[in-house]
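Enquirer: Model the structure of this input:
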Amino acid sequence: MAAVASDLIDFLNASPTAFHAVDEAKRQLKAAGFAQLSEREEWTGLEPGGKYFFTRNHSALVAFAIGAKYVAGNGFHIIGAHTDSPCLKLKPVTKITKGGYLEVGVQTYGGGLWYTWFDRDLTIAGRVIVREKKGGTVSYAHKLVKVQEPIMRIPSLAIHLNRTISSEGFKINNQDHLVPVLCTLVKNEMQTLVKENASQESIGTNEAKHHPLLLQLIAREANCEVDQICDFELQLCDTQPSIIAGAMKEFIFSGRLDNLCMSFCSLKALVESTSAEHSLNDEPGVRMVALFDHEEVGSDSAQGAGSPAMLDALTRITGSFNHSNSKLLEKAIQRSFLVSADMAHALHPNYMDKHEENHKPKLHGGLVIKHNANQRYATNAVTAFIFQEIAERHQLPIQDFVVRNDMACGSTIGPILASGVGIRTVDIGAPQLSMHSIREMCGVDDIKYSYEHFKAYFEEFTELDSKVKVDC
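Expert: So this is what the prediction gives:
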């Protein structure tokens with residue numbers, strides 16, 4: 001088993017939410033010698049050979065390493081992925097009491113397979129805004145939390161009370177049925193821990209919105225009092241850990257493979273391709289990873305791919321090495337290349353008719369190049385060739401995917417960034433099954449292939465691109 005697959009398992013288990021994924025990426029980057037920047041400050045002191053990163057909203061991250069031979073106007077070699085996955089997020093008012101149960105109001109995020117969330121051992125994770133007071137000064141801290149034990153469940157309806165399920169299928173109303181149970185009313189009334197550890201006034205402030213028991217659980221994880229909680233962004237997540245499994249230990253079973261798998265592989269490739277002392281000595285470009293939030297809901301946010309986050313980074317880096325020629329950014333963009341990395345659909349053995357006859361990606365078959373004539377993917381002949389040529393140089397397997405003509409095609413951050421920035425783009429992804437389920441699966445070998453392919457891309461793109469003659 002490749003060590004990279006084991007590292008991915010650790011990353012997945014440390015990243016129940018986009019906030020946690022960025023936090024773990026931040027930790028790994030700092031350990032590898034990357035310096036943190038702030039978008040609120042001037043980027044003074046950027047140097048050739050330097051390694052840097054910044055976060056936005058703590059749910060998106062851009063990391064980059066500047067080649068030792070970089071000059072303003074040279075290109076950027078980028079891998080873009082996303083940190084978010086379909087999930088159930090807590091509503092602003094979560095308090096629901098009915099039928100003798102305390103329940104928690106949630107809203108659907110993205111296009112999840114919501115039936116897979118039934119009968120799972122669930123918990124909550126995310127971020128909390130906490131009021132802190134030190135020396136008479138009040139400040140507000142951003143804290144990440146995850147309740148470790150299972151505290152919620154969405155129970156399914158017994159077949160004895162739903163006799164049509166066998167003939168009509170499992171049908172749910174997302175508003176009425178997709179509501180997790182926190183506890184029974186009778187047991188909640190018996191516990192008095194919340195009122196013993198918080199003032200009546202502080203309880204009253206939040207009691208109208210959330211069950212005191214829920215607030216108590218959040219406060220415990222945030223290491224604060226209930227009345228210090230100002231607000232939060234929390235989501236439900238499965239407590240079952242990510243694992244390497246299967247009879248031959250060839251699969252990864254986990255939530256959020258789409259798209260933390262590609263986020264991890266791109267991040268590791270950037271770190272490893274810049275770790276040696278001489279790694280950037282002959283590099284004239286900038287190697288970059290951009291991890292965005294909100295891809296699953298269209299990318300239209302300040303931290304999504306529809307924002308200027310990546311373009312801002314390109315602009316500021318170019319500007320740091322140039323103070324006179326305003327046209328160097330446009331030149332740099334035309335010398336740049338984006339790998340839009342988002343998981344791909346592997347052939348399903350029980351639904352083989354869902355794939356186009358000549359395009360059936362398989363697990364262990366390597367990264368998948370995605371094509372669509374209607375530009376739902378941004379791949380073209382030139383960008384596909386470049387990415388495929390890197391694979392062939394290293395004897396890495398590569399696959400192609402085209403959706404059937406009688407099926408709608410999904411999309412990625414690729415077309416958004418290609419059209420918004422004007423950067424050459426190829427859409428790719430590792431093959432997986434059960435996409436958007438609470439529990440997905442992919443192949444161990446494809447993690448190794450993805451990492452090696454991305455690392456080779458960072459190390460060899462400049463030389464390969466110099467031989468590609470288009471628009472001459």
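
Enquirer: C-alpha from now on. contacts and neighbour counts both.
Expert: Fine.

Enquirer: separation between the spatially most central residue of the chain and residue 258?
Expert: Nearest to the mean C-alpha position of the chain, counting by C-alpha atoms, centre = their mean, stands residue 83 at 1.4 Å. Residue 83 sits 9 Å away from residue 258, going by C-alpha to C-alpha, to the nearest Å.

Enquirer: do the same with residue 96
Expert: 31 Å.

Enquirer: helices or strands next to the helix or strand residue 420 falls within in the packing?
Expert: In this structure, residue 420 sits in helix 413-421 according to DSSP states H and E. In terms of contacts (3 or more C-alpha pairs under 8 Å, 6 or more residues apart in numbering; DSSP states H and E), helix 413-421 is packed against strand 337-341, strand 424-429.

Enquirer: elements contacting the last one?
Expert: Spelled out, that is strand 424-429. Under the contact definition 3+ C-alpha pairs under 8 Å, 6+ apart, strand 424-429 sits against strand 337-341, strand 367-370, helix 381-393, helix 413-421.

Enquirer: make it 10 Å
Expert: strand 76-82, helix 257-273, strand 337-341, strand 344-345, strand 367-370, helix 381-393, strand 398-401, helix 413-421 (3 or more C-alpha pairs under 10 Å, 6 or more residues apart in numbering; DSSP states H and E).

Enquirer: now the host helix or strand of residue 233: mean pLDDT?
Expert: Taking DSSP H and E as the definition, residue 233 sits inside strand 229-238. What strand 229-238 shows for mean pLDDT is 97.

Enquirer: Show the pLDDT at residue 82.
Expert: Predicted confidence (pLDDT) for residue 82: 98.

Enquirer: That one contacts residue 293, doesn't it?
Expert: Yes - in this structure residue 82 lies within contact range of residue 293 using C-alpha atoms under 10 Å: 5.6 Å.

Enquirer: Residues that sit against both of those two, list them.
Expert: 18, 59-61, 299, 304-305 (C-alpha atoms under 10 Å, 6 or more residues apart in numbering).

Enquirer: Among these, which lie within helices?
Expert: residue 18 (DSSP state H).

Enquirer: So which of the shared contacts of residue 82 and residue 293 sit within strands?
Expert: 60-61 (DSSP state E).

Enquirer: For the helix holding residue 420, what does the pLDDT average out to?
Expert: Computed over helix 413-421, the average pLDDT equals 97.

Enquirer: And that helix, what's buried?
Expert: 413-418, 421 (16 or more other C-alpha atoms under 10 Å).

Enquirer: angle of it against strand 337-341?
Expert: 150 degrees (axes from the mean of the first three to the mean of the last three C-alpha atoms, to 10 degrees).

Enquirer: Now residue 435: closest residue in space, sequence neighbours ignored.
Expert: residue 258 (6.8 Å; C-alpha to C-alpha, 6 or more residues apart in numbering).

Enquirer: All the helices of the stretch 151-300 of the chain, residue numbers only.
Expert: With DSSP state H, counting those that start in this stretch as the criterion, the stretch 151-300 of the chain has helices at 165-168, 185-190, 193-197, 200-207, 212-222, 257-273.

Enquirer: Rebuild those as JSON lines, extending it with mean neighbour count.
Expert: Listed next are the helices of the stretch 151-300 of the chain as JSON lines, based on neighbours: other C-alpha atoms under 10 Å:
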{"stretch": "helix 165-168", "mean neighbour count": "10"}
{"stretch": "helix 185-190", "mean neighbour count": "12"}
{"stretch": "helix 193-197", "mean neighbour count": "13"}
{"stretch": "helix 200-207", "mean neighbour count": "14"}
{"stretch": "helix 212-222", "mean neighbour count": "19"}
{"stretch": "helix 257-273", "mean neighbour count": "26"}
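
Enquirer: Are we agreed that residue 108 is in a strand?
Expert: Yes - assessed with DSSP: H, G, I helix; E, B strand; the rest coil, residue 108 lies in a strand.

Enquirer: distance of it from residue 342?
Expert: Taken as C-alpha to C-alpha, the span from residue 108 to residue 342 is 21 Å.

Enquirer: Of these two, which one has the most company?
Expert: residue 342 (27 against 17; other C-alpha atoms under 10 Å).

Enquirer: For residue 114, give me its contacts.
Expert: 86-88, 108, 172, 174, 178, 436-438.

Enquirer: among those residues, which ones are buried?
Expert: 86-88, 108, 178, 436-438.

Enquirer: Can you name the two of those that sit furthest apart?
Expert: 178 and 436 (16.1 Å; C-alpha to C-alpha).
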